[in-house]
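Student: need the 3D shape of this:
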Amino acid sequence: MVYHNLKALIKGIRACKTVADERALIQQESAAIRASFREEDVYARHNNIAKLLYIHMLGSPAHFGQIECLKLVASPRFTDKRLGYLGIMLLLDENQEVLTLVTNSLKNDMNHSNMYVVGLGLCTFANIASEEMSRDLANEIEKLLGSSNTYIRKKAALCALRVIKKVPDLTDHFISKAKNLLTDRNHGVLLAAITLTTEMCQIDENCLNEFRNAVPLLVRNLKALVTTGYSPEHDVSGITDPFLQVKVLRLLRLLGKGDVRASETMNDILAQVATNTDSTKNVGNSILYETVLTVLEIEADSGLRVMAINILGKFLGNKDNNIRYVALNTLNKVVGMDTNAVQRHRNIILDCLRDGDISIRRRALELSYALINEQNVRILIRELLAFLEVADDEFKLGMTTQISLAAERFAPNKRWHIDTVLRVLKLAGNFVREEILSAFIRLVAHTPELQAYTSSKLYTALQDDISQESLTLAALWVIGEYGDVLFDGGVVDDDQPKHITDKDLLDLLLTTLDSPYANSLTRQFLMTSITKLASRLTTSSPQQQRIAEVLAKYTTSPELELQQRAVEFASLFTLGDLRSGVLERMPPPELKATVMGVVSENKPVGSTQAGKDADLLGDEVVPPTPVVNGQATHNNQDLLAEIFGSSPAAPSPTPGRTPSISPQPQKSSVQDILGLFDSSPSPASPASAPSPAISAFATFSPQPQTQAPPRPSPQQQPAPRLTAYTAYDKHELKITLTPQTSAARPGVVNIMARFQVSGSNTATGLNFQAAVPKSQQLQMLPMSNPDVQPGATETQQMRVIAPPGSSVRLRLRVSYTLAGQAVQDQIDFSGFPPGLTGSG
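Tutor: The predicted structure follows:
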């Protein structure tokens, strides 16, 4: 059955009982429409296209009607043109070749005497214009911007917007016309003109200077909208044309940014909008929100900024969750701009932590982190700990990290710091990062006056709860190191000292061994802890025997790490006095700021915001990795600033200046332990003393290393079979890298870098820097000579320690002076063959 018009087709499709029936009917009708197209039936074309567009809306193919739409557009009848242009907008897009056939029809219709036909052409252009079509019809659009008809001017402005988006080079063509449109009294034209101007300012910064002269005009327009009485044509919930007000505010924000003069011009009207707009309705809140953003973006005076932040504070008390979310999100962005003003709303921000909406809780949490400072750290941490107790699991990892970082940064005293971290461990010990646990242990080790207090608190906490992993690990470590002090002062419980015996202590520790919460790491800590306790004078012989039995039991454990520890610790029991030396208290580790590669929340802790460290190859930062010209860089940020040049205040290493090396190398902790077994290496000569880079990595290398490889002598040059790979060959400098590996040490790659100049000029002050991904470690010796003479070859030795099977990747930066010209370059090198690090 063939349906003669659209209405009949819709009825037929709705009458179908199943999807298969509907599909069959559409296929049948599509075939009939194709046949009608072939017959060139002019009278039926209109109905056929209408039916085809309905079929297209149902998701069935309708591309075969594209040319018929073009024929309809060429018709002199308005109804045919309207349907034809609708079909073109639905069936065509800017990437189809058929579109080139439309350009001429659009040009003719843009010059038509009927304004509605012109409107059809402009509407179609604004929806489907390609870059080529925009160039062809830009002059027509520019001419129509000056039309006396407001209907055409409005649509032409939107077409101009499409043109500059597709061809930004044509922005200059529309500047003068856009300025004229800003003086228009018609709200529709003004709305389109401001949209066009805003886009022009965003695309081309030169337009900002052109339009800054229009700021007084925009201020007058905004003032008229704010002060005008009831206007039924533009009224929305009692506010005159809120859409136009929002557009004007956005344009003022662009024009006032970085310009004091323009900002002063708009200060008064912004204050007027902020005070006169009704905030009881959503429409008014949208205008207030745009006003706040504008005030915070331009060079406004401090009073206006405080008023803007107070508006956001008022938003926080709104019952609408969307408005509260917007307020929290904006406060998160501006807290670094004026922290004191945001601090006034601290209580209501903390109330948002108890909101039922999880997204609001998340934003309030981020904002709370940013508000912490020395004055309010006690109050805010107390509130955050109260929230941690009831928080969802997805929040806990980020919260424990941020609370611990805030305590580390702003703690009024060490007792409070320790109490805070202990509370975190009790409440969310299963959601604590390894870095936070390490920082807590460093803190305890560096606070001898509180070691007894901490041991006592951890003993009590472990008695109450052994389900929190980090709490258990911290207790095992601290009690293992300092547990003997508990026998002197006892355990403080409810402010009353309670005496405990070595049996009580050992009973508690061994409960963690067999608990359902114990894992491999817990058992490893426990092995070390009880072995250390066994070496203390306060541990009786029966308990020492008990510890030996536990160790003997695990010497046959199927878990390799546990078995190794048990065997090694059990063998220590046979060494008599030597055991006490090996198991004595560890020296306090080096105190350093806790560096987190990534935290679960985006906001940095504390009121002053710092950039997040990032590895040079886009990975997380691993502190020990960076090395610059043979010098270990102890701070990740320093290395990034050095390599990317982002911190001019930071002193950069003088090119070619090697670190001073003392004749007597310092004993590392590895050497101390080796000394107990009379196996310490012989004293090194000054020439082979360890460089700082090697020392920094001594405890992190897979095989402990106490001496740097000696600088290669001519007799030690790599054998000719080794392949040199060119890493850099520009500006008369060539750098080759020659890798050397050993089957006995997979994953360790020694690299010899050679520097040669190809011209007749000397490269002076050569500074060679390198970085590797987070999974690898890099060691560098100083360069043989920072000045590379023509014909000479200078060298620098590097060592990369990578997981076996991984690829060695380097990011290199080189800077030097050649013929009085400073040269600086950076390259990523991954040209080494696969399998260099052995098989994984």
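Student: number of residues surrounding E94?
Tutor: Other residues lying near E94 total 15 when counted by other C-beta atoms under 10 Å. Where C-beta positions appear, they are placed from N, C-alpha and C, glycine not excepted.
Student: quick one: contacts for it?
Tutor: Going by C-beta atoms under 8 Å, 6 or more residues apart in numbering, E94 touches 128-131, 133.
Student: hmm, 7 Å instead?
Tutor: 128-130 (C-beta atoms under 7 Å, 6 or more residues apart in numbering).
Student: among the residues you listed, which are in helices?
Tutor: When the contacts of E94 are checked against helices (DSSP state H), the matches are I128.
Student: save the contacts of E94 as CSV, and put in pLDDT, neighbour count and distance to N285 too.
Tutor: Shown next, in CSV, are the contacts of E94 (pLDDT from 0 to 100; neighbours: other C-beta atoms under 10 Å; distance: C-beta to C-beta, whole Å):
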residue, pLDDT, neighbour count, distance to N285
I128, 91, 22, 36
A129, 92, 26, 36
S130, 91, 19, 40
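Student: show me the contacts for R754.
Tutor: Here R754 is in contact with 736, 793, 795 (C-beta under 7 Å, 6+ apart).
Student: C-terminal to the helix or strand bottoming out on mean pLDDT in the chain, what's the next element?
Tutor: Ranking every helix and strand in the chain by mean pLDDT, DSSP states H and E puts helix 692-697 at the bottom, with a mean of 34. From helix 692-697 onward toward the C-terminus, using DSSP states H and E, the following helix or strand is strand 725-730.
Student: buried sites along stretch 745-754?
Tutor: Within stretch 745-754, the residues that qualify as buried are 746-754, counting by 16 or more other C-beta atoms under 10 Å.
Student: residues near the closest residue to E199 other than its chain neighbours, how many?
Tutor: Using C-beta to C-beta, 6 or more residues apart in numbering and skipping the chain neighbours, the partner closest in space to E199 is L161 (5.6 Å). By other C-beta under 10 Å, 22 other residues sit near L161.
Student: and A370, by the same measure?
Tutor: 22.
Student: what sits up against stretch 242-249?
Tutor: Stretch 242-249 is touched from outside by 187, 190-191, 194-195, 218, 221-222, 225, 236, 283, 286-287, 290-291, 294, with contacts defined as C-beta under 7 Å, 6+ apart.
Student: from the residues you listed, which would you call buried?
Tutor: Looks like these have 187, 190-191, 194-195, 218, 221-222, 225, 283, 286-287, 290-291, 294 buried, using 16+ other C-beta under 10 Å.
Student: report pLDDT for N282.
Tutor: Model confidence at N282, expressed as pLDDT, equals 88.
Student: got the phi and psi for it?
Tutor: Dihedral angles phi and psi of N282 (degrees, to the nearest 10) take the values phi -60, psi -30.
Student: what is the burial count for it?
Tutor: N282 has 14 neighbours, counted by other C-beta under 10 Å.
Student: also D514?
Tutor: Counted with other C-beta under 10 Å, the neighbours of D514 add up to 8.
Student: and the one 10 residues further on, by the same measure?
Tutor: Taking other C-beta under 10 Å as the criterion, the count of residues near Q524 is 17.
Student: send me the one helix or strand F211 maps to as CSV with only the CA atoms.
Tutor: Using DSSP H and E, F211 falls within helix 206-211. Only the C-alpha atoms of helix 206-211 are listed here, as CSV (Å, rounded to 0.1, in the frame of the first residue of the first chain):
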residue,chain,number,x,y,z
ASN,A,206,43.7,41.3,19.3
CYS,A,207,39.9,41.7,19.3
LEU,A,208,40.0,42.3,23.0
ASN,A,209,41.7,45.7,22.5
GLU,A,210,39.2,46.5,19.7
PHE,A,211,36.2,45.9,21.9
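Student: show me where pLDDT drops low in the stretch 101-250 of the chain?
Tutor: Counting by pLDDT under 70, the stretch 101-250 of the chain contains low-confidence ranges at 229.
Student: if you set the cut-off to 50 instead, what comes out?
Tutor: Judged against pLDDT under 50, the stretch 101-250 of the chain has no low-scoring part.
Student: tell me where the stretch 701-840 of the chain has strands.
Tutor: Listed in chain order, the strands of the stretch 701-840 of the chain (DSSP state E, counting those that start in this stretch) span residues 725-730, 733-741, 748-757, 763-771, 777-780, 794-801, 810-818, 821-829.
Student: wait, which of those is closest to R423?
Tutor: Of all those, strand 777-780 sits nearest to R423, with 35.9 Å by C-beta to C-beta.
Student: for the stretch 401-550 of the chain, what spans make up the strands?
Tutor: Taking DSSP E, counting those that start in this stretch as the test, the strands found in the stretch 401-550 of the chain are 491-493, 496-498.
Student: hey, least reliable of these by pLDDT?
Tutor: Averaging pLDDT over each of those puts strand 491-493 lowest, since it has a mean of 69.
Student: can you list contacts of the helix holding F211?
Tutor: Applying C-beta under 7 Å, 6+ apart, the set of residues contacting helix 206-211 from outside is 171, 175, 197, 200-201, 254-255.
Student: just for the stretch 551-700 of the chain, where's the confidence low?
Tutor: Counting by pLDDT under 50, the low-confidence segments of the stretch 551-700 of the chain come to 597-603, 608-700.
Student: now with 90?
Tutor: Low-confidence segments of the stretch 551-700 of the chain, defined by pLDDT under 90: 554, 557, 569-700.
Student: from T100, how far off is E132?
Tutor: In this structure, E132 and T100 are separated by 7 Å, where distance is defined by C-beta to C-beta, to the nearest Å.
Student: could you do G581 as well?
Tutor: Remark: distance between G581 and T100 (C-beta to C-beta) = 88 Å.
Student: got it, and N285?
Tutor: Here the distance between N285 and T100 works out to 47 Å (C-beta to C-beta).
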